[in-house]
Every structure is written in C-alpha cells, then in structure tokens.
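everything below, folded, please.
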Amino acid sequence: FPGDTVRARVTRRAKRHAEAEVLEVVEPSEHRVPCPCPHLAQGCGGCTALGLRYSEQLAQKHRQMGQTLERALGRAAAEAALKPTLPGGGELGYRNKLELRWDAGASALGL
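Model (predicted):
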C-alpha cells in the first residue's frame, strides 16, 4: 500500500518500470485498517484496497486514473480531463463481479 515500507523481490523488469512481490511489510502505512473481508487473506484478490482507509482508497483511485490519463493524453489534457473521485453509497457491498477458482484435484469450486 502507499506509505508501506516493505521488503520485496523483483519479479519482472520492463523498460520503464518493475514489478515486485512483497515478502514482508516492515512498517505499515498509517492508512492501513483491518480488512473486513475474510476471502482476501485466502488469495481472492478482488478487493485488494479494503485494507486501506476509505479516504485513501479514493485518493489512490484518483492517482491511478490521473497516471493512466497522463500516459494516454499527456499531462495538460489529463489535468483538464480528470475529475474528483466521488465516494460510492457505502464503503462495502459495491462489488458486482465474482471470479471463482476450480480445483480439479479436490473437485471444488470456491474463492
């Protein structure tokens, strides 16, 4: 999360960026909160931002959209196009997509 101090291993290098796997959170961000979803710890990955304070989730989404628009449109056009990120009707219960995994060995379908 933004603000975390982590120990990580680089898993992929590209021309302009790198990707890494977090091995350990050395010092958690001040924006972290307990995650209310038990499925995230089981590897679901559907709501990865739930461990952030809601106001920080909105700020992070705004930053990501700004970066995406800047890459596509250039800085000036991105700044003109980017609008404030508005909160939804609630902090939870907004997901409308579910991806299930099939475990053929156990003949099981689950999160």
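
from here on, just use CA atoms for contacts and neighbour counts.
OK.

pLDDT of the top helix by length along the chain, averaged?
The single longest helix within the chain, with elements called by DSSP state H, is helix 54-73. Taken as a whole, helix 54-73 has a mean pLDDT of 93.

so which bits of that helix are buried?
Neighbour counts over helix 54-73 (16 or more other Cα atoms under 10 Å) mark 54, 56, 57, 58, 60, 62, 65, 66, 67, 69, 70 as buried.

could I get those as JSON lines with distance to residue 86?
Shown next, in JSON lines, are the buried residues of helix 54-73 (distance: Cα to Cα, whole Å):
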{"residue": "54", "distance to residue 86": "11"}
{"residue": "56", "distance to residue 86": "12"}
{"residue": "57", "distance to residue 86": "11"}
{"residue": "58", "distance to residue 86": "7"}
{"residue": "60", "distance to residue 86": "12"}
{"residue": "62", "distance to residue 86": "9"}
{"residue": "65", "distance to residue 86": "13"}
{"residue": "66", "distance to residue 86": "14"}
{"residue": "67", "distance to residue 86": "17"}
{"residue": "69", "distance to residue 86": "17"}
{"residue": "70", "distance to residue 86": "20"}
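
from these, pick the one nearest residue 81.
Checking the buried residues of helix 54-73 against residue 81 with Cα to Cα, the nearest one is residue 69 at 8.0 Å.

how far away is residue 100 from residue 56?
28 Å (Cα to Cα, to the nearest Å).

same deal with residue 30?
On the measure of Cα to Cα, residue 30 and residue 56 end up 10 Å apart.

same check on residue 65?
14 Å.

do residue 80 as well
Residue 80 is 22 Å from residue 56, by Cα to Cα.

which residues of this structure fall in helices?
Under DSSP H, the chain gives helices at 54-73, 75-81.

dump the ones you listed to CSV, plus distance to residue 10.
Output for those, formatted as CSV (distance: least, Cα to Cα, whole Å):
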stretch, distance to residue 10
helix 54-73, 21
helix 75-81, 29
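
show me the shaky parts of this protein.
Within the chain, the stretches with pLDDT under 70 are 95-97, 107-111.

make it 90
1-2, 16, 35-51, 86-111 (pLDDT under 90).
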